[in-house]
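Asks: Based on what follows, work out the 3D shape:
(one chain, ligands or ions: 1)
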Amino acid sequence: MTDIELLIDFHKEADRQGPGSSEETLKALRFIQSKKNKPIKIADIGCGTGAQTITLAENIEGEITAVDLFPEFLEKLEAKLKELELDHKIKTLKADMANLPLQENEFDVIWSEGAIYFMGFEEGIKQWKKFLKPGGYLAVSEITWLTESKPKEIEDHWNKEYPEIDTASNKIKQLEKDGYSPLAYFAIPESCWIENYYQPMQARFNAFLDKHNHSEMAKNLVEMEKAEIRMYKKYKKYISCGFYIAKKV
Ligand code: SAH
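Replies: Numbers count the residues shown, from 1 in each chain. Okay, here's the model as predicted:
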């Protein structure tokens, strides 16, 4: 098994592959829904096993294309959709977010939670804009500095992990530069990280290690996740995921 296969194997058992909550998804959706009353088309990019896709489907009229690079996640989502009888509202698409086989001007909304950093925020908002109808909405969550100044350890850590990490004001500036009109920004609360992401993750560590016979690779993965959790807890005042909602001008 490669590192990436192991990572998928670990994360596919989770409800979500990043921090978030249905409350925060709905909070972002309210900026969009209040202005629409006809069926809408949404692309949910980097959907993972689809926690937010399901919340969206339960709260909109219309249809969702749920996109992810890894079929293992999409299979989990498809199983949930059958069970919830939502399969008529959501279709899954295995594709690379940096090379999406979508139509120009096809969507009313482009949604993406905790995933755009895989191609970079700037490149993502630039490339995805063409798939939005004029006046369509972008709703993305992205790792964000909550303060201008922060301790060196966390600054160095994130600059290495993701050099595009920035404050909300700079992300909003970027949206404006790329032809979007920003409507809202909010940072997701700590419970989205701890209760909804890290605690369920910690609960899976032992079963995962057993499944992989406590291999070095599996142990390394668990240690890496534990280090991430420690880092988050130590520096949570300075960092979170910001939700950005903007309109294509
Ligand atoms: N939106 C989900 C998953 C976030 S994790 C949630 O919030 O729970 C990021 C997701 O992006 C993962 O599911 C990962 O498989 C997907 N991803 C990573 N690189 C990708 C790419 N190049 N194209 C499409 N999806 C990608």
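Asks: Can you show me the helices along the protein?
Replies: 3-11, 22-33, 51-59, 71-84, 121-128, 152-161, 168-177, 190-193, 199-211, 216-235 (DSSP state H).
Asks: hang on, isn't Thr147 packed against Ser240?
Replies: No. If you go by CB atoms under 8 Å, Thr147 and Ser240 don't touch, sitting 10.7 Å apart. C-beta here means a position set from N, CA and C on the backbone, and glycine is covered the same way.
Asks: Who has more neighbours out of those two?
Replies: Summary of the neighbour comparison: Thr147 and Ser240, criterion other CB atoms under 10 Å, with Ser240 having more neighbours (22 against 9).
Asks: contacting residues for that one?
Replies: Going by CB atoms under 8 Å, 6 or more residues apart in numbering, Ser240 touches 19, 143-144, 146, 187-190, 193.
Asks: filter the residues you listed to the buried ones?
Replies: Using 16 or more other CB atoms under 10 Å as the burial test, these include 19, 143-144, 187-189, 193 as buried.
Asks: Between which two of those is the distance greatest?
Replies: Farthest apart among those by CB to CB are Ile143 and Pro189. That separation is 14.9 Å.
Asks: what about Pro182, how many neighbours?
Replies: Pro182: 17 neighbours (other CB under 10 Å).
Asks: Contact distance from the ligand - what residues of the chain qualify?
Replies: Contact residues, the chain versus the ligand (CB under 6 Å from any ligand atom): 16-18, 20, 46-48, 51-52, 68-70, 73, 96-98, 113-115, 118.
Asks: about what we covered before: dump the helices of the chain into JSON lines; add distance to Ala246 and mean pLDDT as well.
Replies: As requested, those are exported to JSON lines (distance: least, CB to CB, whole Å; pLDDT from 0 to 100):
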{"stretch": "helix 3-11", "distance to Ala246": "28", "mean pLDDT": "97"}
{"stretch": "helix 22-33", "distance to Ala246": "9", "mean pLDDT": "94"}
{"stretch": "helix 51-59", "distance to Ala246": "17", "mean pLDDT": "97"}
{"stretch": "helix 71-84", "distance to Ala246": "26", "mean pLDDT": "98"}
{"stretch": "helix 121-128", "distance to Ala246": "8", "mean pLDDT": "98"}
{"stretch": "helix 152-161", "distance to Ala246": "23", "mean pLDDT": "96"}
{"stretch": "helix 168-177", "distance to Ala246": "5", "mean pLDDT": "98"}
{"stretch": "helix 190-193", "distance to Ala246": "21", "mean pLDDT": "98"}
{"stretch": "helix 199-211", "distance to Ala246": "30", "mean pLDDT": "98"}
{"stretch": "helix 216-235", "distance to Ala246": "27", "mean pLDDT": "98"}
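Asks: Using CSV, lay out these together with distance to Ala139.
Replies: CSV is the format used below for the helices of the chain (distance: least, CB to CB, whole Å):
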stretch, distance to Ala139
helix 3-11, 22
helix 22-33, 5
helix 51-59, 10
helix 71-84, 19
helix 121-128, 11
helix 152-161, 23
helix 168-177, 12
helix 190-193, 15
helix 199-211, 24
helix 216-235, 23
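Asks: Could you identify which of the ones you listed is most buried?
Replies: helix 51-59 (a mean of 22; mean count of other CB atoms under 10 Å).
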